[in-house]
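Visitor: coordinates only, sequence not included:
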C-alpha cells in the first residue's frame, strides 16, 4: 500500500481534475521507447522478473506471494487506478519483448502529488541506467502528469536506491512506516522533491526542465 506524502499541498479542484485526465491519457512511450502499459499479457513476465529476490526484495508494496494470480490481480488493480486517474503501471521490455523492469506510479490528484516504485532485472542493475531512468521518470511525472510533489521511500538498508534518490535532488525527511499489502510494516527512509526545486536543479545543471 502506497502512503500519501507527508506534505499536503492545497490544490484547486480544476488542477486535480487536470491531473486525473493526464494520468488517464498518459502514454507509456512518452516515458521511453521500451515502455508499455502493463496488461495481463505481461503477467507471466512480471512474475519471472519479480520472483528474483534481488529485484523484489527491497520493494514493500508488491503483492506477495509473487505468483500469477496475485500479479494478475495487481495489474487489474493498476488498470482500475488508471481509469480513475490515480495510478499507472508500466513495464520495460527488451528487444525480445521480455519484461526486464517495471514502474508503478501512484497519484494523489487532490494534492498534486505522486509516488514511484520500480525495479530492473538484476543483470540490468548497477549499470548507470537506473539513475538515468529514475531521473527521466521524475521529470516525466512533473511534465507529463502535471504533479507538484513527488515522495519516495527506500528500505533502511537500501543504499543503492538512496544514492539514486539523493542524486536527483530529493530532500530527506526522516523515516516513516510503510504498510505492506499483507498489513505488515516496514520502516523506510523518506524523501520529497517539489517541482520548483527540480526545475531549479535542472536549470543549474544546464538540462531542460
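Guide: On my side now, so go ahead. In this text, all values refer to a predicted model and were calculated from it rather than measured experimentally. Numbers count the residues shown, from 1 in each chain.
Visitor: which stretches of this structure form helices?
Guide: Along the chain, counting by DSSP state H, helices occupy 13-25, 43-50, 53-56, 68-84, 129-143, 159-167, 195-204.
Visitor: Make sure residue 61 is actually in contact with residue 181.
Guide: Yes - with contact defined as CB atoms under 8 Å, residue 61 and residue 181 form a contacting pair (6.6 Å). Bear in mind the C-beta positions are built from the backbone N, C-alpha and C, glycine included.
Visitor: More neighbours: those two, which one.
Guide: Per other CB atoms under 10 Å, whichever of residue 61 and residue 181 has more neighbours is residue 61, with 18 against 13.
Visitor: mind putting the helices of the chain in CSV, mean neighbour count included?
Guide: Listed next are the helices of the chain as CSV, based on neighbours: other CB atoms under 10 Å:
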stretch, mean neighbour count
helix 13-25, 15
helix 43-50, 20
helix 53-56, 14
helix 68-84, 16
helix 129-143, 18
helix 159-167, 16
helix 195-204, 15
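Visitor: contacting residues for residue 51?
Guide: Neighbouring residues of residue 51 by CB atoms under 8 Å, 6 or more residues apart in numbering: residue 66.
Visitor: Residue 80 versus that one, what's the distance?
Guide: 24 Å (CB to CB, to the nearest Å).
Visitor: Also residue 174?
Guide: Distance, residue 174 to residue 80, using CB to CB: 32 Å.
Visitor: likewise residue 142?
Guide: Distance of residue 142 to residue 80, given as CB to CB: 25 Å.
Visitor: right, and residue 110 touches residue 17 too?
Guide: No - using CB under 8 Å, residue 110 makes no contact with residue 17, being 10.0 Å away.
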